[in-house]
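> With the sequence up front, the predicted model follows.
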Amino acid sequence: MTDVPVVLVNRDSGLGRYPPVEGDNRNGMRAAVGHLIALGHRHITHIAGPHNFSTSRARRQAFETAALAANTESSIIQADSLRLRPDA
């Protein structure tokens, strides 16, 4: 099974072997933080996904940068896995 085209969706291996197709996580996070600030929020918390996901890393970095630039209080909750409780 050689010569099978492969594209990573919403992930980047960082190896350059397979092309990724991703949303703009950095600008999306900057826009989200800007929107919350415009609504008057002064403390914003980001729930960060697993460190081993390129999308999680990009969003976290953009959140930190945007919160710092906005001079707002911020916090990050690291959630390496999220489980939904059936009774929730």
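Here it is on my side, so go on. Numbering: from 1, shown residues only.
> how far away is the most centrally placed residue in the chain from I47?
In the chain, the centroid-proximal residue (C-alpha atoms, centre = their mean) is R59; its distance is 2.6 Å. Remark: distance between R59 and I47 (C-beta to C-beta, to the nearest Å) = 10 Å. Backbone N, C-alpha and C define where each C-beta goes, glycine included.
> List the buried residues for the strand or helix carrying the residue nearest to the centre of the chain?
Taking DSSP states H and E as the definition, R59 sits inside helix 54-69. Within helix 54-69, the residues that qualify as buried are 54-60, 62-64, 66-67, counting by 16 or more other C-beta atoms under 10 Å.
> repeat for stretch 4-24
For stretch 4-24, by 16+ other C-beta under 10 Å, it's D12.
> Contacts for it, please.
53-55 (C-beta atoms under 8 Å, 6 or more residues apart in numbering).
> at 10 Å what do you get?
Residues outside stretch 4-24 that contact it (C-beta atoms under 10 Å, 6 or more residues apart in numbering): 25, 30-31, 52-55, 57-58, 62.
> could I have that stretch exported to CSV, CA atoms only?
The C-alpha atoms that make up stretch 4-24 are tabulated as CSV, following Å, rounded to 0.1, in the frame of the first residue of the first chain:
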residue,chain,number,x,y,z
VAL,A,4,-1.5,6.5,-1.0
PRO,A,5,-2.1,10.2,-0.6
VAL,A,6,-2.3,11.3,3.1
VAL,A,7,-3.5,14.6,4.5
LEU,A,8,-3.8,15.3,8.2
VAL,A,9,-7.0,17.1,9.2
ASN,A,10,-6.8,19.5,12.2
ARG,A,11,-3.3,18.2,13.1
ASP,A,12,0.2,18.9,12.1
SER,A,13,2.8,16.1,12.8
GLY,A,14,5.6,18.7,12.8
LEU,A,15,7.6,16.4,10.6
GLY,A,16,6.7,17.9,7.2
ARG,A,17,5.9,14.5,5.8
TYR,A,18,2.1,15.0,5.5
PRO,A,19,0.4,18.2,4.7
PRO,A,20,-2.0,19.5,7.3
VAL,A,21,-5.4,21.1,6.7
GLU,A,22,-6.3,23.2,9.8
GLY,A,23,-8.4,26.1,10.9
ASP,A,24,-6.6,29.3,11.9
